[in-house]
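# Sequence first, predicted coordinates after that:
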Amino acid sequence: MANTSATGGYLAPAGSPAPAEDADLEDVLQAMVVGISGLTGKFVRPRWQTKPPKQPEPDVNWCAIGVHETKTVANPVIDHDGSDDGHDQYQMHEELQVLCTFYGPQAQAYASILRDGIFVPQNSEAVKVYRMAFYGASDIRPVPELVNQQWVRRYDLFIYMRRQVVRVYPVLNILSAPITIAD
């Protein structure tokens, strides 16, 4: 059993849904790119994989995605909730830089569709359930690659997102404390 403030020692978060991280976050991002760009799901892939699949042929449109950087926006807020036994709720805001690399004969067009589509309010609503929101996009950068003696079209786009991280820690209510009042 995890520690509480009554047992002392380190406290791990408990009793709260963790923010999407790692493969779960990649799933959220993959669904976002598929939904906005119109690319087929199998052609929107996590950038970093243990066993990367074979790269599609140069005449296939596809995208590699991944969180390039996570920045802390400000200091955390910790609020104590005194209901029941009590707990602390920790809140932090992060900025995610999501690198979307498009390949294929219409790579630039798909990058442009994603860049423009993140600003449509309905698309913003879809990521709010994950406590995330779009706040911008980079310029689209051509970065052609030479693969097997053949130039492959490639365009990079950064999508900028903010998200709220909420965790609950078992910091219990103080039920009593010795008090001495002195004159």
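Arrived safely.

# From the contact counts, what lies against the host helix or strand of residue 28?
Here residue 28 is covered by helix 22-37, with elements defined by DSSP states H and E. Here helix 22-37 touches strand 44-46, strand 62-72, helix 107-117, helix 121-128, going by 3 or more C-beta pairs under 8 Å, 6 or more residues apart in numbering; DSSP states H and E. Bear in mind the C-beta positions are built from the backbone N, C-alpha and C, glycine included.

# what packs against the last one?
Contacts defined by 3+ C-beta pairs under 8 Å, 6+ apart place helix 121-128 against helix 22-37, strand 132-137.

# Name every strand pairing with the shortest one and say which way it goes.
Strand 132-137 has the following strand partners under DSSP bridges: strand 154-169 (antiparallel).

# still on that earlier bit, only the buried residues of the helix holding residue 28, if you could.
Neighbour-count burial for helix 22-37, with 16 or more other C-beta atoms under 10 Å as criterion, is recorded at 25, 26, 28, 29, 30, 32, 33, 34, 35, 36, 37.

# which residues touch the fifth one?
Each residue near residue 30 by C-beta atoms under 8 Å, 6 or more residues apart in numbering is listed here: 41, 44, 45, 46, 65.

# How about the last one?
By C-beta under 8 Å, 6+ apart, the contact list for residue 37 reads 44, 63, 110, 113, 114, 117.

# how much space between it and residue 130?
Look at residue 37 and residue 130: by C-beta to C-beta, to the nearest Å, they are 18 Å apart.

# Could you do the first one as well?
The span separating residue 25 from residue 130 equals 8 Å under the rule C-beta to C-beta.

# sorry, back to before: closest one to residue 74 out of the buried residues of helix 22-37, please.
residue 25 (20.8 Å; C-beta to C-beta).

# Quick check: that closest one touching residue 67?
Yes: the criterion here is C-beta atoms under 8 Å, and residue 25 meets it with residue 67 at 6.6 Å.

# tell me the contacts of the residue nearest the centre of the chain?
Among the residues of the chain, residue 25 comes closest to the average C-alpha position under C-alpha atoms, centre = their mean, at 5.2 Å. Contacts for residue 25 (C-beta under 8 Å, 6+ apart) come out as 19, 67.

# do that again at 7 Å, thanks
Counting by C-beta atoms under 7 Å, 6 or more residues apart in numbering, residue 25 makes contact with residue 67.

# ok, it to residue 39 distance?
19 Å.

# same thing with residue 75?
Taken as C-beta to C-beta, the span from residue 75 to residue 39 is 39 Å.

# Compare the two (neighbour count), which wins?
Legend: neighbour count by other C-beta atoms under 10 Å for residue 75 and residue 39, higher for residue 39 (21 against 8).
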